[in-house]
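Visitor: sequence below, structure please.
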Amino acid sequence: MNTNFGRVGVLYGGQSAEREVSLMSGEGVCEALRSQGVDAHLFDTGRQSLADLADAGFDRVFIALHGRYGEDGTIQGALELLQIPYTGSGPMASSLSMDKIMTKRVWLQHGLPTPAFVVLTSEEDLPKAAPLGWPLMLKPPHEGSTLGITKVQKAADLKDAYEEAARFDDQVLAEQFVNGRELTVPLLGKGADAYALPVVEIIAPGGNYDYEHKYISNATQYVCPAELDGALTEHIQRLAEKAYRTLGCEGWGRADFMLDADNQPWLLEMNTSPGMTSHSLVPMGAKAAGMSYAELCLAILSTASCKVRGPVKA
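Guide: Numbering: from 1, shown residues only. Below is the predicted model:
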């Protein structure tokens, strides 16, 4: 038995629209940790309470939650109060990264490339989206796994797409569409020590990388390392690292990009608790770097800590 980590909780499930994905991620992580001798235990935050978490006696936890209440800073804040070390980013970076609108504002402030956008709060705002051109993307800013996202081809389709995104959020992000190659960059580490793993290219049928093609279908192709020249690969990896650092991320994460016809990369979003399923992208990048799934889980677990500095106990 590997006792270096003590009793480890793998937080999974949760209450978000990404619950089913999180269940798969958590089961994979827990099995991998146990295979390495870690005393790991599954803990479903959607079925068990914070009181249960406080009583579980975990020395540290691996957060395998996705979406609201797991990736948005809420569980991170609770773990800080409970003084249980945890994997991934702290409350502020998690909250910022979960909000696609705030993420883009921070990136623009730091001169990082991200597609033009407007924020819609009602159907009366829909005309604001037209200057972005057609097609454009409509997204709920606080969801992942492509939930609620629509590629809008023309103005007549905008209302229905808005209603779909508004099912998930009070605000809707209208974003300029970038036609090109879909790339993602897994990241490990913190601050100046953060580094990018190999770039993954995603080739989905018809360019439609939706929930079905992410987690269920085997039709999506993945190329890792992506077939890019060395200079462009390095440029994209450095952009990913800067995007990660500007948001204050740590532990691990994944930056999503579109690469246009002029080989200009455009940042789309940052994931601070990415998927860890059999179809997931961070394990692909790690494998290309010579790291097995179990080794990746151990590496992430080893970074678990509390992030908020507070008054020292008497």
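Visitor: by mean pLDDT, flag the weakest helix or strand of the chain.
Guide: Every helix and strand of the chain was ranked by mean pLDDT, DSSP states H and E. The lowest is helix 211-215, at a mean of 51.
Visitor: my read is that residue 275 contacts residue 282, right?
Guide: Yes - under the criterion of CB atoms under 8 Å, residue 275 makes contact with residue 282 at 7.4 Å. For every residue, glycine as well, the C-beta is placed using N, CA and C.
Visitor: could you pull out the buried residues of stretch 253-266?
Guide: For stretch 253-266, burial by neighbour count (16 or more other CB atoms under 10 Å) applies to 253, 254, 255, 256, 257, 258, 259, 265, 266.
Visitor: so what's the last one up against?
Guide: For residue 266, the contacting residues are 113, 114, 115, 178, 257, 258, 259, 260, taking CB atoms under 8 Å, 6 or more residues apart in numbering as the criterion.
Visitor: is the closest residue to the first one other than its chain neighbours bridged to anything, and to what?
Guide: With CB to CB, 6 or more residues apart in numbering as the criterion, residue 113 has its nearest non-adjacent residue at 5.3 Å, and that residue is residue 266. Legend: beta-bridge partners of residue 266 under DSSP bridges are residue 258.
Visitor: could you shift the numbering so residue one becomes 743, and keep it that way?
Guide: With the count now opening at 743, the last piece we talked about shows up as residue 1008.
Visitor: mind checking pLDDT for residue 1008?
Guide: In the prediction, the pLDDT value recorded for residue 1008 is 98.
Visitor: and it, how far from residue 804?
Guide: 31 Å (CB to CB, to the nearest Å).
Visitor: do residue 865 as well
Guide: 42 Å.
Visitor: settle it for me: which of those two has more neighbours?
Guide: Ranked by neighbour count (other CB atoms under 10 Å), residue 865 and residue 804 place residue 804 first, with 31 against 12.
Visitor: any idea which helix or strand carries that one?
Guide: According to DSSP states H and E, residue 804 maps onto strand 802-805.
Visitor: what residues does that strand touch?
Guide: Here strand 802-805 makes contact (CB under 8 Å, 6+ apart) with 747-748, 750-753, 771, 775, 782, 785, 812-813, 817-818, 821, 826-830, 1015, 1039, 1042-1043, 1046.
Visitor: and stretch 829-848, by the same measure?
Guide: Contacts of stretch 829-848 (CB under 8 Å, 6+ apart): 802-805, 810, 813-816, 818-819, 822, 856, 859, 861, 881, 883-884, 913, 915, 988-995, 1011-1015, 1042-1043, 1045-1046, 1049-1050.
Visitor: quick one, what contacts residue 1045?
Guide: Residues in contact with residue 1045 (CB under 8 Å, 6+ apart) are 829, 931, 932, 992, 993, 994.
Visitor: 7 Å instead, please
Guide: The contact partners of residue 1045, by CB atoms under 7 Å, 6 or more residues apart in numbering, come to 829, 993.
Visitor: also residue 1015?
Guide: Residues counted as contacts of residue 1015 (CB under 7 Å, 6+ apart) are 805, 807, 808, 812, 813, 830.
Visitor: quickly list what the first one is bridged to.
Guide: Looking back up the chat, that one is residue 805. residue 753.
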